[in-house]
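In: Any chance you can model this:
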Amino acid sequence: MERNRRLILFLAATALTAALFSKGHLPFHHNGNVAFLPYTSSGVTVRVIGGVQVPGVHTLPDGATVAHVINLTVPAMAAGREEMPVLDTRLRSGDVVEVTGEIPRHPAISLKRMKAGEQMLLGIPLDPDRMGVEDWESLPGIGPVMARNIVDDRQNNGDYCSIEAVQRVPGMGKKKVEMIRNFFR
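Out: Residues are numbered from 1 along each chain as shown. Take a look at the predicted model:
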């Protein structure tokens, strides 16, 4: 009798283990190739560096300005900032706000862009009109010569406005554009 009870408990435990294992290890399915997490336009993603209390990557509401970032990350600078025009600059995803200098009395605030690699990791679509040679090189299939040709073409012939317009660069055909399309808006 004891042996039958042990067998029943063993079979029940095996069945429960198999059920839990299969529920937790189902294959992951997704629709199509994704270069990064789906981007939503419900806010701006910026990185804050320098002498701030809360450095790092922050997502702020659309329409946020540098002043919003300063209010959140350097509350000691609340007074005496009126003469800093950079505070009124509206932020875009991929901006980097750097606070240096003597805080709170003589701060210096600068605005830069994240490198393309960081933007891709954060799921921020790239803008072909704001990318430098190094940014283009970080994309698959784009080497140093092609990256230089793309930037030179933009400087000589004007902005691209879309990733499709990059095809005007010799050697940048439809296949290469398709290969990097997911990284752009």
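In: What are the boundaries of the helices in this protein?
Out: Remark: helices assigned in the chain by DSSP state H are 2-24, 66-73, 116-122, 133-137, 144-157, 174-180.
In: Reformat those helices as CSV; add mean pLDDT, mean neighbour count and distance to Ser93.
Out: Just so you know, the C-beta spots here come from the backbone N, C-alpha and C atoms, and that holds for glycine as well. Listed next are those as CSV, based on pLDDT from 0 to 100; neighbours: other C-beta atoms under 10 Å; distance: least, C-beta to C-beta, whole Å:
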stretch, mean pLDDT, mean neighbour count, distance to Ser93
helix 2-24, 73, 9, 35
helix 66-73, 85, 20, 13
helix 116-122, 91, 18, 8
helix 133-137, 95, 18, 15
helix 144-157, 96, 15, 21
helix 174-180, 92, 14, 18
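In: closest one to Val97 among those?
Out: Nearest to Val97, of all the helices of the chain, is helix 66-73, at 5.0 Å by C-beta to C-beta.
In: hmm, back to that, tabulate the helices of the chain in a markdown table, adding columns for distance to Asp88.
Out: A markdown table is the format used below for those (distance: least, C-beta to C-beta, whole Å):
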| stretch | distance to Asp88 |
| --- | --- |
| helix 2-24 | 51 |
| helix 66-73 | 7 |
| helix 116-122 | 24 |
| helix 133-137 | 27 |
| helix 144-157 | 28 |
| helix 174-180 | 34 |
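In: Walk me through the domains of this structure.
Out: Domains of the chain are assigned by automatic domain parsing as 44-113, 126-183.
In: of the ones you listed, which approaches Thr14 most closely?
Out: Closest of the domains of the chain to Thr14 is domain 126-183, at 44.1 Å (criterion: C-beta to C-beta).
In: closest one to Leu7 among the domains of the chain?
Out: domain 126-183 (54.6 Å).
In: hmm, back to that, Glu83: which of the helices of the chain is closest?
Out: The closest of those to Glu83 is helix 66-73. By C-beta to C-beta, the value is 12.7 Å.
In: where's that closest one relative to the chain centroid, distance-wise?
Out: On the basis of C-alpha atoms, centre = their mean, to the nearest Å, helix 66-73 sits 20 Å off its chain's mean C-alpha point.
In: for stretch 135-149, same thing?
Out: Here the centre of stretch 135-149 is set off from its chain's centre by 19 Å, with C-alpha atoms, centre = their mean.
In: Span of it from start to end?
Out: By C-alpha to C-alpha, to the nearest Å, the extent of stretch 135-149 from end to end equals 13 Å.
In: And stretch 99-113, by the same measure?
Out: Start-to-end, stretch 99-113 (C-alpha to C-alpha) is 14 Å.
In: again, but for stretch 163-182
Out: One end of stretch 163-182 to the other measures 10 Å (C-alpha to C-alpha).
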